[in-house]
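Novice: here's my sequence, what's the structure:
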Amino acid sequence: MPRYCVIGAGAAGLSALQQLREAGHEVVCFEKTDRVGGHWHTDYDALHLITSRDMTTFEDFPMPADYPHFPRRDQVRAYIESYARHHGHHDLITFDTEVLAVTPEPSGPGPVGSAGWRVRTTRGDEGVFDGVLIANGHLWSPHIPAVPGDFAGTQLHSSEYDNVGDLTGNRVLVVGAGNSGCDIAVDVAQHRLEVDVVMRKGRHFQAKAYFGVPRAQVPWLARFSPDEQDLINRLLARVSLGEPGNYPNMPVPEAATLADGPTTVNDLLPYWIHHGRITIRPAIDRFEDTTVHFTDGTARHYDSIIYATGFDVSLPFLADGQIVWRSGVPVRYAGGILPAGAEKLYFIGLIAPRGPQIPLYGVQTKLVARMIALHTEAGPQGLALTNYFANLQPPELRIDVVRAAWDDQMTDTARLLSALETAPVSRGIGRPTTASARTKP
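Specialist: Alright, predicted model coming up:
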């Protein structure tokens with residue numbers, strides 16, 4: 001019987017386990033830590049969901065009704081753990097076992113990966129799997145920008161920050177104004193420290209709730225198209241939060257809409273700017289001891305710096321050239337599921353459509369189950385499924401993507417799968433991608 005491998009036991013990996021098991025497949029999971037839940041064990045203490053409790057759930061498994069609208073980190077962690085216990089996932093997961101290498105079995109004239117993938121872990125050779133679902137996440141390999149000079153104070157990436165006890169001194173610089181950066185800046189400000197935030201470019205700010213209701217659950221908003229909702233949300237933000245000019249040094253967004261540029265869901269950063277606890281700074285020019293020089297010619301002393309500068313995509317178990325990379329990310333198709341250059345490899349969660357994340361993992365895996373069925377029907381001669389999508393869809397290079405755009409991709413992917421399911425698949429589709437095209441820059 002074919003076996004399938006899931007890498008990672010975070011929310012994405014657990015969704016993959018459950019959906020494949022429900023589809024009748026034998027599946028095992030390797031998790032390099034001793035627990036399920038992924039980054040929810042190590043995020044900063046002040047973290048809350050920015051999406052609402054009732055929309056950020058696994059299928060048919062709601063969060064407890066006594067949770068608040070925006071649960072704390074520990075509540076989300078407990079919820080994910082309860083999902084794994086409820087479905088008996090621990091019996092399918094090998095803990096404290098890191099995947100070291102995933103290599104394609106020789107496939108002759110067939111597409112790379114069509115003969116399956118051999119998985120090697122810290123335990124040794126785990127054998128050949130008919131397919132591998134990669135759910136190791138994209139929030140664990142910190143990205144820290146290079147800055148001329150050396151800073152003599154405390155430096156942390158946001159993934160290393162728990163609370164203000166990790167900081168030294170009273171002056172703190174947060175580099176980055178995304179959701180995490182603003183969350184952390186607010187946490188520091190509320191502990192009565194002085195906080196500056198580097199905001200190189202303008203971004204749209206959105207409140208978590210309007211009319212006392214989580215933003216995405218305002219009932220009448222659902223009657224409007226995505227473009228109309230974009231406009232309404234910008235108007236609501238203008239009424240409740242104002243415009244960049246209301247906040248000293250805040251740059252104006254280059255993008256006219258929420259969909260076309262960066263958006264941060266946080267209404268407490270503007271609050272603390274008005275209360276003098278947070279100040280906006282431009283890009284950093286250089287470091288000099290504990291002094292940070294900015295591109296506008298100003299400079300200031302800081303005791304601590306927190307880099308809320310995101311993460312790099314890292315797939316250390318795949319050799320260079322195994323799949324196609326561009327601009328530091330894998331090239332993908334089918335709503336971010338299929339990596340260019342290989343068959344029977346599937347990404348679960350390596351794309352982050354704006355809005356609730358947990359539900360989308362099950363949606364992705366349901367499509368993977370349909371892809372697996374097509375591969376099974378095609379038999380040993382193989383199916384160039386990735387090539388099929390590459391000929392019919394544009395490549396996906398984003399991690400952050402507007403939800404409506406991703407929904408359109410998934411609808412198109414389901415349509416193309418339906419076309420295959422109703423057509424003969426006894427022969428390969430298209431031509432296998434050549435090895436020369438699979439180089440990683």
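
Novice: show me the helices in this protein, by range?
Specialist: Taking DSSP state H as the criterion, the chain carries its helices at 11-22, 73-86, 179-190, 226-241, 268-274, 358-378, 385-390, 403-421.

Novice: closest to residue 113 out of the ones you listed?
Specialist: Taking C-beta to C-beta as the criterion, residue 113 comes closest to helix 385-390 out of the helices of the chain, the separation being 8.6 Å. Using the backbone N, CA and C atoms, a C-beta is placed for each residue, glycine as well.

Novice: can you map out the strands along the stretch 51-200 of the chain?
Specialist: Secondary structure of the stretch 51-200 of the chain by DSSP state E, counting those that start in this stretch: the strands cover 93-94, 99-104, 117-121, 124-129, 131-134, 154-157, 171-175, 194-198.

Novice: for residue 349, find the nearest of the ones you listed.
Specialist: When the strands of the stretch 51-200 of the chain are ranked by proximity to residue 349, the top entry is strand 131-134, at 8.6 Å, counting by C-beta to C-beta.

Novice: pLDDT value on the residue positioned nearest the centre of the chain, please?
Specialist: Nearest to the geometric centre of the chain sits residue 352, at 4.4 Å (C-alpha atoms, centre = their mean). With respect to pLDDT, residue 352 has a value of 97.

Novice: dig out what it forms beta bridges with.
Specialist: With DSSP bridges as the criterion, the beta-bridge partners of residue 352 are residue 400.

Novice: gap between the closest residue to residue 123 other than its chain neighbours and residue 122?
Specialist: Nearest residue to residue 123, sequence neighbours excluded (C-beta to C-beta, 6 or more residues apart in numbering): residue 97, at 5.5 Å. According to C-beta to C-beta, to the nearest Å, residue 97 and residue 122 sit 6 Å apart.

Novice: equivalent analysis for residue 242, please.
Specialist: Residue 242 is 53 Å from residue 122, where distance means C-beta to C-beta.

Novice: could you do residue 415 as well?
Specialist: Residue 415 sits 41 Å away from residue 122, taking C-beta to C-beta as the criterion.

Novice: sorry, back to before: which residues are in contact with both of residue 97 and residue 122?
Specialist: Listed as contacting both residue 97 and residue 122 by C-beta atoms under 8 Å, 6 or more residues apart in numbering are residue 32.

Novice: between these two, which has more neighbouring residues?
Specialist: Using other C-beta atoms under 10 Å, the more surrounded residue of residue 97 and residue 122 is residue 97, with 18 against 12.

Novice: the more buried one reaches residue 124, doesn't it?
Specialist: No - no contact is recorded between residue 97 and residue 124 when judged using C-beta atoms under 8 Å, the distance being 9.9 Å.

Novice: pull the number of nearby residues for the closest residue to residue 35 other than its chain neighbours.
Specialist: Here the nearest residue to residue 35 in space, its sequence neighbours aside, is residue 41; by C-beta to C-beta, 6+ apart that works out to 6.4 Å. Neighbour count for residue 41, taken as other C-beta under 10 Å: 15.

Novice: which residues touch residue 41?
Specialist: Contacts of residue 41 were listed using C-beta under 8 Å, 6+ apart, and they are 33, 35, 77.

Novice: quick revisit: against residue 390, how distant is the residue nearest to the centre of the chain?
Specialist: As defined by C-beta to C-beta, residue 352 lies at a distance of 22 Å from residue 390.

Novice: need the pLDDT of the nearest residue to residue 15 once chain neighbours are set aside.
Specialist: Sequence neighbours aside, residue 361 is the residue nearest to residue 15 in space, at 3.6 Å (criterion: C-beta to C-beta, 6+ apart). For residue 361, the pLDDT comes out at 98.

Novice: does residue 361 really touch residue 16, like I thought?
Specialist: Yes - taking C-beta under 8 Å as the contact criterion, residue 361 and residue 16 are neighbours in contact, 6.8 Å apart.

Novice: joint contacts of the two?
Specialist: Residues touching both residue 361 and residue 16 by C-beta under 8 Å, 6+ apart: 135, 348.

Novice: settle it for me: which of these two has more neighbours?
Specialist: The neighbour comparison of residue 361 against residue 16 (other C-beta under 10 Å) goes to residue 16, with 30 against 23.

Novice: distance-wise, check that one relative to residue 89.
Specialist: In this structure, residue 16 lies at 10 Å from residue 89, with C-beta to C-beta as the measure.

Novice: give me the common contacts of the two.
Specialist: With contacts taken as C-beta under 8 Å, 6+ apart, residue 16 and residue 89 have residue 29 as neighbours in common.

Novice: per-residue confidence for the closest residue to residue 299 other than its chain neighbours?
Specialist: Among residues not flanking residue 299 along the chain, residue 293 sits closest, at 4.6 Å (C-beta to C-beta, 6+ apart). Predicted confidence (pLDDT) at residue 293: the value is 98.
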